[in-house]
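# Would you be able to build a 3D model of this:
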Amino acid sequence: MLQTELIRTWAGDFLNAKNQFITELKIGSDAHIQICIDGVQAITLADCIQLSRYLESHLDRDQYDFRLDVSSPGATSPLTDQRQYAKHVGRTLHVTLDDGRLVCGNLSTCSDTEITLTYSVREPKPVGKGNHTVHKSATIPFSQIRNAVVQLPFQ
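Model (predicted):
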């Protein structure tokens, strides 16, 4: 039986040196290993191939009949690791909070504990009739984020 933690350790050792990390690791009952990796910089096909070869050198084909897929997150994949946010500063995020509210805005800052989104809303004027545009920001702790997805410009 393939052990998730052993594979996570091997992959982590390899990826840490490249400032990359695992965002998802699944091992199916049919020994299908699926690993999704990301990093501070964009992940290339060469990065995926290198990790795949590294892991295959550690796994014994005589002992395990496995299939290994290494990939990077897709453009519309949710952000699953706090380290992913930093490279998306300046992009629009759709963030679903734990209480179910949706906050959409431009990711303006990112720290170790929270993100700040800036956005514009139309609100009634304080005096007179009609609406005006108000610029707001929301600081959201990572602990309150249920799901966050980068909004592509053409969506």
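# Assign a three-state SS to residue 6, would you?
On the three-state scheme (DSSP: H, G, I helix; E, B strand; the rest coil), residue 6 is labelled helix.
# ok, it to residue 46 distance?
25 Å (CB to CB, to the nearest Å). To be clear about C-beta, it is placed using only N, CA and C from the backbone, and glycine gets the same treatment.
# When the two are compared, which one has more neighbours?
For the pair residue 6 and residue 46, the greater number of neighbours falls to residue 6 (11 against 8), based on other CB atoms under 10 Å.
# Please tell me the pLDDT value assigned to that one.
Residue 6 carries a pLDDT score of 90 in this model.
# now residue 43
On pLDDT, residue 43 comes in at 93.
# Would you mind measuring from it to residue 108?
Separation of residue 43 from residue 108 (CB to CB): 25 Å.
# Any regions of the chain where pLDDT drops low?
Counting by pLDDT under 70, the chain shows low-confidence ranges at 1, 155.
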